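Enquirer: coords please:
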Amino acid sequence: MKYARWWILLGCGWVSGAAWAQYPGWQQKADYTMEIDLDVVRRTFSGSSEIRYTNASPDSLKRLYFHLFFNAFRPGSAMDVRSRMLPDPDPRVGARIAGLPEEEWGEMRVEGLTVDGVAAQVAHEGTVLVVDLARAVAPGSTAVVELDWAGRVPRQIRRSGWMNREGVEFSMAQWYPRICGYDQDGWHPNPYVGREFHGDFGRFDVTIRLAPGYVVAGTGANVAADSPTTGVWRLVADNVLDHVWAADPDFKVAAARTARGVELSFVQEADSAYQAAWAALPGYTSKAFDCLEDLVGPYPYPRYAVIQAGDGGMEYPMATLVTGHRSTKSLVGVTVHELAHSWFQAVLAFNESLHPWMDEGFTSYATEVCFNRLFPDPTSRLHAEAYSGYIEWTRSGTDEPLTTHADRYKTNAGYGVASYSKGEVLLAQLGGVLGPEVRDAALRDFFRTYAFTHPGPDDFARTCERTSGQELDWYFKYFVQTTEKVDVAVDEVKWSNDSVRVTLRRIGEIPVPLDLAIIAADSSVQRIHIPIDLQYGHRPLAAGERLAADWVWPHTTYSLVLPAPAWPAGVVVDPDRWWADVARENNAWPKVDAEPKSRKKRKKS
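Expert: The predicted model follows:
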């Protein structure tokens, strides 16, 4: 079944299809019981899975798809070729896959697969396994999928692999055959090129067998006894959409607990040069939990682990892999960012491939808010780095709409700015549209309503409308589906007969509600809010603030006359800098140009 809604706004050329679809009221479920035997010397493995796959859709499924992520790490793979084709590849990948010796290639192959005891026909297509079924999985039924698989752990290049640059032996992310996501848009068998993920919630019961002496940490609680001695670990987690683990004989584990009782683990290789940062991390992480729960909603899982592994920072349910050779601020920054994903990637669980801006953008927004609480800086404007990055990108003429698939951006930088910066800006700007308190209430309502359901952009837009009682199609369509810009100028200021006439001009294509400040000679300020007709309402007014008539969107100019006993000393449109205005130098009369200082950039996934 395909689900689509279509919108057209006359004169703007918007057309939206299934990529804008909202949560349909059903979702698939996949419960995994898995075993893996890992040879830590040869770095080879064999495994088995039993997956209880519930088809909650209205469709009969005659075919299944699985991700085989480790097959990306070999010359000629989609990840390898895509990386070498980009003008600005991720430096962690670059041409490294092409240069791997064969003994360091990754491999994952399925050696047998049955559905309800009946053998299925399988075909390995790079990082995707295609499974044709003898009998379709009927709507509303649960099929038992059993498969045996084997392969080799690749040299650590991107997220997964053995021996990362800090000497951690095994970063086991994307380590098992994972059934692809199926939803109202159909299957999502995206070849793995190093970007985003999508999958179904379920229970994971994972038994790991490797050499004694290793310490394992990952998604879920270890329920096996005396694991470092026996080499057998069993990690169990409920209602998660993925599983990760890491292993090293030199891992040391520190424990803590948040104010609301979440068990925290901090897993690192002993390294005296960075012990101060790791010693400080539990306190900051606990405070970050408090901030994120206040901002978004309660964390629903009983534990969370920060594990030194991987290639930078990458989020997974109940755990993150981060590189650990960092200063305190850097280590806290990457941890807070990956932790914030727990509310967005792990619980709301957007289709990140279709809507990376929802996961990375909302996560970046929450990271900035919480990092500012942990390290207050009154000289830095909140979200300034995201605004400046987005404005620079959109001025370049190389920007692409947020409806672009995560794997299809023409440049690596373009994907990063769109998903992280513009996504963060989109949420921040809603404070100017709805008022910050209403925006924050809408975010909490969205999380409360759609946790564990894979919502889409339309679900968030409709939540904001319900919370505010206003119409917001114009906002989301412009900022998600187009590359049009905000640019509003103070066009003319005239004073006569104890009044001032201010004329504004909309140079950019996007109509937006605006705040206007009239500054008198004695430095007193008169504040006016100018709504737009498309919103059918306005944000709450502050004390002493005046409400002007709507700016009707087809008009490119807008004038208002205000009492003024003398020439005003200045006029400023958008004085609080809610909007990512691409030409802020024309926002004031007389002209001023005082761009805010940005925070020092922090590492993101």
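Enquirer: which residues of the chain score low on pLDDT?
Expert: The model of the chain has pLDDT under 70 over residues 1-21, 592-605.
Enquirer: mind redoing it with 90?
Expert: By pLDDT under 90, the low-scoring segments of the chain are 1-22, 195-198, 270-273, 495-498, 521, 563-568, 591-605.
Enquirer: which residue ranges make up the domains of it?
Expert: What automatic domain parsing lists as the domains of the chain is 372-481, 488-589.
Enquirer: most packed of the ones you listed?
Expert: domain 372-481 (a mean of 19; mean count of other C-beta atoms under 10 Å). (Glycine included, C-beta is placed from N, CA and C.)
Enquirer: what about that one, how long is it end to end?
Expert: End-to-end distance for domain 372-481, by C-alpha to C-alpha, to the nearest Å: 30 Å.
Enquirer: list the contacts of I391.
Expert: A580, D581, V582 (C-beta atoms under 8 Å, 6 or more residues apart in numbering).
Enquirer: how about the strands in the stretch 401-550 of the chain?
Expert: In the stretch 401-550 of the chain, the strands defined using DSSP state E, counting those that start in this stretch lie at 488-496, 499-506, 514-519, 525-530, 546-547.
Enquirer: all the helices of the stretch 101-250 of the chain, residue numbers only.
Expert: For the stretch 101-250 of the chain, the helices defined by DSSP state H, counting those that start in this stretch occupy 227-230.
Enquirer: meant to ask about the stretch 351-500 of the chain
Expert: Taking DSSP H, counting those that start in this stretch, the helices of the stretch 351-500 of the chain run over residues 356, 362-374, 384-396, 412-416, 423-434, 436-450, 457-468, 473-481.
Enquirer: in a markdown table: these, plus distance to L339.
Expert: Formatted as a markdown table, these follow (distance: least, C-beta to C-beta, whole Å):
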| stretch | distance to L339 |
| --- | --- |
| helix 356 | 18 |
| helix 362-374 | 9 |
| helix 384-396 | 19 |
| helix 412-416 | 20 |
| helix 423-434 | 16 |
| helix 436-450 | 15 |
| helix 457-468 | 21 |
| helix 473-481 | 26 |
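Enquirer: who wins for proximity to H198 among those?
Expert: Among those, helix 356 comes nearest to H198, with 10.5 Å by C-beta to C-beta.
Enquirer: centre of the chain to that closest one, how far?
Expert: Chain-centre distance of helix 356: 6 Å, with C-alpha atoms, centre = their mean, to the nearest Å.
Enquirer: stretch 482-499 now?
Expert: Here the centre of stretch 482-499 is set off from its chain's centre by 36 Å, with C-alpha atoms, centre = their mean.
Enquirer: among the contacts of I391, name the ones in helices.
Expert: Assignment to helices by DSSP state H places none of those there.
Enquirer: which among the helices of the stretch 351-500 of the chain is found nearest to H325?
Expert: Among those, the nearest to H325 by C-beta to C-beta is helix 362-374 (19.9 Å).
Enquirer: show me what counts as buried in that closest one.
Expert: F362, T363, S364, Y365, A366, T367, E368, V369, C370, F371, N372, L374 (16 or more other C-beta atoms under 10 Å).
Enquirer: the inter-axis angle of it versus helix 457-468?
Expert: 50 degrees (axes from the mean of the first three to the mean of the last three C-alpha atoms, to 10 degrees).
Enquirer: show me the contact partners of helix 362-374.
Expert: Helix 362-374 is contacted from outside by 284, 287-288, 291-292, 295-296, 315, 332-333, 336-337, 340-341, 343-345, 380, 382-383, 386, 420-421, 423-424, 427-428, 443, 599, 602, 604, using C-beta under 8 Å, 6+ apart.
Enquirer: name the helices or strands packed onto the longest helix seen in the chain?
Expert: Longest helix in the chain, counting residues (DSSP H): helix 275-295. Applying 3 or more C-beta pairs under 8 Å, 6 or more residues apart in numbering; DSSP states H and E, we find helix 275-295 packed against strand 251-257, strand 263-269, strand 303-308, helix 328-343, helix 362-374, helix 436-450.
Enquirer: picking that back up, what's the closest of the helices of the stretch 351-500 of the chain to G117?
Expert: Closest to G117 of those is helix 436-450 (C-beta to C-beta; 36.6 Å).
Enquirer: next, the angle helix 275-295 makes with that closest one.
Expert: Interaxial angle, helix 436-450 versus helix 275-295 (the same axes, to 10 degrees): 90 degrees.
Enquirer: send the alpha carbons of the longest helix of the chain over as CSV?
Expert: Provided in CSV are the C-alpha atoms of helix 275-295 (Å, rounded to 0.1, in the frame of the first residue of the first chain):
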residue,chain,number,x,y,z
GLN,A,275,41.1,10.7,32.6
ALA,A,276,40.1,14.2,33.8
ALA,A,277,37.6,14.5,30.9
TRP,A,278,36.1,11.0,31.5
ALA,A,279,36.0,11.6,35.3
ALA,A,280,33.9,14.8,34.7
LEU,A,281,31.6,13.1,32.1
PRO,A,282,29.2,11.3,34.4
GLY,A,283,28.2,14.6,36.2
TYR,A,284,27.6,16.4,32.9
THR,A,285,25.7,13.5,31.4
SER,A,286,23.4,13.3,34.3
LYS,A,287,22.6,17.0,34.0
ALA,A,288,22.1,16.6,30.3
PHE,A,289,19.5,13.9,31.0
ASP,A,290,17.6,16.4,33.2
CYS,A,291,17.7,19.0,30.5
LEU,A,292,16.6,16.7,27.7
GLU,A,293,13.8,15.3,29.8
ASP,A,294,12.6,18.8,30.6
LEU,A,295,12.9,19.9,27.0
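Enquirer: which residues touch that helix?
Expert: Contacts of helix 275-295 (C-beta under 8 Å, 6+ apart): 254, 256-260, 262, 264, 266, 268, 299, 304, 306, 324, 326-328, 330-332, 335-336, 339-340, 342-343, 366, 369-370, 373-374, 440, 443-444.
Enquirer: pull out the buried members of the residues you listed.
Expert: Using 16+ other C-beta under 10 Å, the buried ones in these are 258, 262, 264, 266, 268, 299, 304, 306, 324, 326, 328, 330-332, 335-336, 339-340, 342-343, 366, 369-370, 374, 440, 443.
Enquirer: what distance do you get for the residue sitting furthest away from the middle of the chain to P568?
Expert: Among residues of the chain, the one most distant from the C-alpha centroid is N497; the distance is 54.3 Å, by C-alpha atoms, centre = their mean. Distance, N497 to P568, by C-beta to C-beta, to the nearest Å: 14 Å.
Enquirer: same thing with E509?
Expert: Taking C-beta to C-beta, one finds E509 at 29 Å from P568.
Enquirer: what do you get for D498?
Expert: Distance from D498 to P568, by C-beta to C-beta: 12 Å.
Enquirer: how about A406?
Expert: Per C-beta to C-beta, A406 is found 48 Å from P568.
Enquirer: do A173 as well
Expert: Distance, A173 to P568, using C-beta to C-beta: 59 Å.
Enquirer: I530 too?
Expert: Distance of I530 to P568, computed by C-beta to C-beta: 17 Å.
Enquirer: for S60, give me its contacts.
Expert: By C-beta under 8 Å, 6+ apart, the residues touching S60 are A136, V137, A138, P139.
Enquirer: make TSV out of those and add neighbour count.
Expert: Output for those, formatted as TSV (neighbours: other C-beta atoms under 10 Å):
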residue	neighbour count
A136	15
V137	23
A138	12
P139	14
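Enquirer: show me these that map onto strands.
Expert: Among the contacts of S60, the ones falling in strands (DSSP state E) are A136, V137.
Enquirer: and N587, how far is that from H67?
Expert: Distance from N587 to H67, by C-beta to C-beta: 48 Å.
Enquirer: what does V206 give?
Expert: Going from V206 to H67 by C-beta to C-beta gives 16 Å.
Enquirer: same question for G161.
Expert: From G161 to H67 the distance is 16 Å (C-beta to C-beta).
Enquirer: could you do T367 as well?
Expert: Using C-beta to C-beta, T367 is found at 27 Å from H67.
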